[in-house]
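Chemist: here is my input, please return the structure:
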Amino acid sequence: MKNNTDNIEILLQKLISLLLNNGEAGWAKAFSDVLEKYLNSDNKDEILRDIINMMKGGMGSFNDLVLQKNGEMLKSENDKLYKLREKLWKKSLKKIGNKIK
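Modeler: Residues are numbered from 1 along each chain as shown. Presented below is the predicted three-dimensional model:
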């Protein structure tokens, strides 16, 4: 039986919700746009590449994001963010296999 908790769509929805609930509307919008494209695209590989590129590091990148409230790091929320990022990264890589350019 397929594990639906690992679907790209569900991972994106969970990520968007976490971001919105923690004041990261900009990143939530970016991933909402990706989700919409993913759901409406005939070329899922292209959207998966977009997801992978969003996850790559660099100053100010999504990988640098730390959820905070009133200047305090949110441990539980950041743990969830890390797990969702990792699952989404791995799932995206697995789905497109060695087709990355």
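
Chemist: which SSE is immediately downstream of the helix-or-strand element of the chain with minimal mean pLDDT?
Modeler: The helix or strand of the chain with the poorest confidence is helix 44-55; it has a mean of 93 (mean pLDDT, DSSP states H and E). Sequence-wise, the next helix or strand downstream of helix 44-55 (DSSP states H and E) is strand 68-69.

Chemist: what's next to that following strand, contact-wise?
Modeler: With contact meaning CB atoms under 8 Å, 6 or more residues apart in numbering, strand 68-69 is reached by N22, G23, L74. (Glycine included, C-beta is placed from N, CA and C.)

Chemist: ranking those residues by neighbours, who comes first?
Modeler: N22 (19 neighbours; other CB atoms under 10 Å).

Chemist: count of residues packed around the spatially closest residue to that one that is not a sequence neighbour?
Modeler: Closest residue in space to N22, ignoring its immediate chain neighbours: L67 at 4.5 Å, by CB to CB, 6 or more residues apart in numbering. Residues lying near L67 (other CB under 10 Å) number 20.

Chemist: for D50, same thing?
Modeler: Residues near D50, counting by other CB under 10 Å: 17.

Chemist: contacting residues around the longest helix belonging to the chain?
Modeler: Using DSSP state H, we find that the single longest helix of the chain is helix 75-96. With contacts defined as CB under 8 Å, 6+ apart, helix 75-96 is touched by 6, 8, 11-12, 14-15, 18, 21-22, 44-45, 48-49, 51-52, 55, 62-63, 65-67, 100.
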